[in-house]
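# Got a predicted structure plus its sequence, pasted below:
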Amino acid sequence: MTEPRTGWNRPRPERIPRPTAWPPALALGITFFAWGLVTSPVVLGVGLVLFTLSLAGWIGEIRHEQRTEG
């Protein structure tokens with residue numbers, strides 16, 4: 001990397017995390033869960049399962065990022 005100009009700092013973070021599909025999947029799980037509260041226990045269950053898997057996947061991704069950085 002090149003050095004920043006005099007008086008300037010490097011932007012943080014220097015490395016941007018890679019894109020992941022977990023945040024949109026989590027949002028979809030929340031949407032299905034809320035929709036299931038109004039409509040059907042099946043949709044509620046699908047939303048809950050999708051929410052749980054997405055949250056676990058996202059947390060796992062964050063933990064993996066932290067392990068590879070340190």
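That came through fine. Numbering: from 1, shown residues only.
# drop to CA atoms for contacts and neighbour counts, all remaining ones
Will do.
# any residues touching stretch 49-64, and which ones?
Residues outside stretch 49-64 that contact it (C-alpha atoms under 8 Å, 6 or more residues apart in numbering): 22-23, 25-30.
# What is the nearest of these to residue 46?
residue 29 (7.5 Å; C-alpha to C-alpha).
# Check the gap between the residue most central in space within the chain and residue 31 for me.
With distances taken as C-alpha atoms, centre = their mean, residue 23 lies nearest the centre of the chain, 3.8 Å away. For residue 23, the distance to residue 31 (C-alpha to C-alpha, to the nearest Å) stands at 12 Å.
# Going by neighbour count, list what's buried in the longest helix anywhere in the chain.
Ranked by number of residues, the top helix in the chain under DSSP state H is helix 41-69. Using 16 or more other C-alpha atoms under 10 Å as the test for burial, helix 41-69 gives 43-51, 53-55, 57-58, 61.
# what helix or strand does the residue nearest to the centre of the chain sit in?
Counting by DSSP states H and E, the element that carries residue 23 is helix 22-38.
# and that helix with helix 41-69, angle?
Angle, helix 22-38 to helix 41-69, by axes from the mean of the first three to the mean of the last three C-alpha atoms, to 10 degrees: 160 degrees.
# any idea of the mean pLDDT in helix 22-38?
Throughout helix 22-38, pLDDT has a mean value of 97.
# Would you mind pulling up the elements that it packs against?
Packing partners of helix 22-38 (3 or more C-alpha pairs under 8 Å, 6 or more residues apart in numbering; DSSP states H and E): helix 41-69.
# Please state the offset of the helix or strand of the chain with the lowest mean pLDDT from the chain centre?
When the helices and strands of the chain are scored by mean pLDDT, DSSP states H and E, helix 41-69 comes last with a mean of 92. Helix 41-69 sits 8 Å away from the centroid of its parent chain (C-alpha atoms, centre = their mean, to the nearest Å).
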